[in-house]
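>>> pasting the sequence and the predicted model now:
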Amino acid sequence: MVQVTTPQSVNVYKYQAKDLYVAYGISILASVVCVAIGYIAIIRNRGAYTNNFSTIMRTTRDDSLDDLVTITDTNGTYPLGKDLAKARVRMVIHPEMDRCMGFQSM
């Protein structure tokens, strides 16, 4: 038999209140800065936007959807109007080219 010596390591934790306050303080400050930037973006853009299909359709629609999208909905801001939320559209496929020509209301 061979005699083996194994070192034992023990984790020692030393509590420093100052380190904890610094870490939390930096985190809170970073969060406040991010929220402030978000509010500034909403104010400069005059509203909040989403990347939903309805937002894109309201801002980049074809003339055939003018009866569906009112002038107040054309800016695409959140929330979506109630009557527009219930509307249904379908994709129109070009019969000869087999590709999308646009959308029309149903």
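On my side now, so go ahead. Numbering: from 1, shown residues only.
>>> quick check: the gap between residue 29 and residue 2.
Between residue 29 and residue 2 the distance is 57 Å, computed by C-beta to C-beta, to the nearest Å. For glycine as for every other residue, the C-beta is placed from the backbone atoms N, C-alpha and C.
>>> so where's the longest helix in the protein?
helix 17-44 (DSSP state H).
>>> could you tell me how many residues sit around residue 12?
Residue 12: 5 surrounding residues under other C-beta atoms under 10 Å.
>>> does it sit in a helix or strand, and which one?
Using DSSP states H and E, residue 12 falls within no helix or strand.
>>> ok, it - contacts?
With C-beta atoms under 8 Å, 6 or more residues apart in numbering as the criterion, no residue contacts residue 12.
>>> can you count the residues close to residue 82?
The number of residues near residue 82, taken as other C-beta under 10 Å, comes to 7.
>>> for it, give its distance to residue 48.
Note on residue 82: its distance to residue 48, by C-beta to C-beta, is 17 Å.
>>> flag the shaky bits of the chain, pLDDT-wise.
Judged by pLDDT under 70, the chain has its weakly predicted residues at 54-78, 81, 83, 89-92, 94-106.
>>> and it, what are its domain boundaries?
The chain resolves into domains spanning 12-44, 53-105 when parsed by automatic domain parsing.
>>> what are the buried residues along the first one?
Neighbour counts over domain 12-44 (16 or more other C-beta atoms under 10 Å) mark no residue as buried.
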